[in-house]
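Visitor: Pasting the sequence and the predicted model now:
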Amino acid sequence: MARVVCVHGIGQQVQGEDRLRSAWWPALSDGLRRAGAEGLVTEADVVVAFYGDLFRPAGQFLAAGDPPYTAADVEEGFERELLAAWWRAAAEVDAEVVSPAAEDTLVATPRSVQAALRALSGSKFFADLALRAMVADLKQVRAYLTDPRTREEARGRVTALIGADTRVVVAHSLGSVVAYEALCALPGHGVRALVTIGSPLGIPHLVVHRLQPAPTGTGTAVRGAWPGGEGLVWTNLAATGDVVALVKDLRPVFGQQVRSALLSNGAHAHDATAYLTDALCGQAIAEGLT
């Protein structure tokens, strides 16, 4: 079994375990080097839990691996609420993005969905993402959190790789939700460090209140389960411009023992490799290995 298990995020449906590891491993190694912990692990010690294929339409080979979605495909409820949250977050960190308030809309109609997608496509965060890919990402998050079969299979991909030798789990974006739930479902596991990067785990209602196991309490007093024993150290890293990591500090939901930090990832705020190369990420991984 691997000592380090990595869990990818949204938009990876045309990737694979080995291809993602070939990108994550050098960045992870660089982060360890920045932290003064070079050589603690080799590439053979690292695996990627891959679940992206669950979102890949069978038999379709479009350029981005997504169906030709349009604004009309953004469904009411969860998808429009998450789109609105992304829009508000992008407007807060990017002066080029018009505020939802200026559009006098809460993404409640197809016309306002188009306005949201148009505004986001001009943002620094979503600039390189095609409209159909942006809609596909919304649908991936919704599918995991609302479809029991997708959730069970994705989570199973992670739990299958966490063994007696696994000491660190590094999880990005939606993968942090998958990894969190996987660890909660493995009582007595020996993971010492959970490192979440670009995580949406702190988003109230859309994510927090849909977690398994369900959090306790209500309102601002809601508290999520701790994903391990007393020896587990959970480090959450969020980049200042990362729109997906809407809630940067996870301590109000999961407890003061979560170590939360803000990073600067430049123009690639949500990119997993940008997180992995940071010294704080390397330090968190190294602590779990020693």
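Guide: Thanks, I have the structure now.

Visitor: now the host helix or strand of L145: mean pLDDT?
Guide: Using DSSP states H and E, the element containing L145 is helix 131-146. Averaging pLDDT along helix 131-146 yields 82.

Visitor: Quick one: name whatever helix or strand follows it.
Guide: Under the assignment DSSP H and E, the closest C-terminal helix or strand after helix 131-146 is helix 148-159.

Visitor: circling back to that earlier point, buried stuff in the helix holding L145?
Guide: The neighbour-count check on helix 131-146 (16 or more other Cβ atoms under 10 Å) flags 131-145 as buried. The way it works is simple: take the backbone N, C-alpha and C, and place the C-beta from them, glycine included.

Visitor: Likewise for stretch 145-157?
Guide: For stretch 145-157, by 16+ other Cβ under 10 Å, it's L145, T150, R151, A154, R155, R157.

Visitor: Quick check: the gap between the residue lying closest to the second one once chain neighbours are set aside and Q114.
Guide: Excluding the flanking residues, the one nearest T150 by Cβ to Cβ, 6 or more residues apart in numbering is A143, at 4.9 Å. From A143 across to Q114, the span is 23 Å (Cβ to Cβ, to the nearest Å).

Visitor: likewise W226?
Guide: When Cβ to Cβ is applied, the distance between W226 and Q114 equals 42 Å.

Visitor: Also L161?
Guide: Distance from L161 to Q114, by Cβ to Cβ: 41 Å.

Visitor: about what we covered before: can you verify my assumption that the residue nearest to T150 contacts R149?
Guide: No. Contact status for A143 versus R149: not in contact, 9.4 Å apart, counting by Cβ atoms under 8 Å.

Visitor: quick one: secondary structure of the residue nearest to L289 when sequence neighbours are not counted?
Guide: Distances taken as Cβ to Cβ, 6+ apart place L40 nearest to L289, at 4.9 Å, with adjacent residues excluded. Look at L40: counting by DSSP: H, G, I helix; E, B strand; the rest coil, its state is coil.

Visitor: Is it correct that L40 is in contact with Q283?
Guide: No. With contact defined as Cβ under 8 Å, L40 and Q283 do not form a contacting pair (11.2 Å).

Visitor: before we move on, back to that, which neighbouring elements make contact with the helix holding L145?
Guide: helix 78-93, helix 110-121, helix 148-159, helix 174-184 (3 or more Cβ pairs under 8 Å, 6 or more residues apart in numbering; DSSP states H and E).

Visitor: So for L28, which of these sits nearest?
Guide: Distance to L28, taken as Cβ to Cβ, is lowest for helix 174-184 among those, at 14.2 Å.

Visitor: got the angle between the helix or strand following the closest one and helix 174-184?
Guide: Using DSSP H and E, the next helix or strand after helix 174-184 towards the C-terminus is strand 193-197. Angle, strand 193-197 to helix 174-184, by axes from the mean of the first three to the mean of the last three Cα atoms, to 10 degrees: 160 degrees.

Visitor: Model confidence for G77, exactly?
Guide: Taking G77 on its own, its pLDDT is 82.

Visitor: State the distance from it to A143.
Guide: G77 sits 13 Å away from A143, going by Cβ to Cβ.

Visitor: got the contact list for V168?
Guide: V168 sits next to R3, V4, V5, V191, R192, A193, L194, V195, I285, G288, L289 when contact means Cβ atoms under 8 Å, 6 or more residues apart in numbering.

Visitor: ok, the fourth one touching V233?
Guide: What that stands for is V191. No. Using Cβ under 8 Å, V191 is not in contact with V233; the gap is 9.6 Å.
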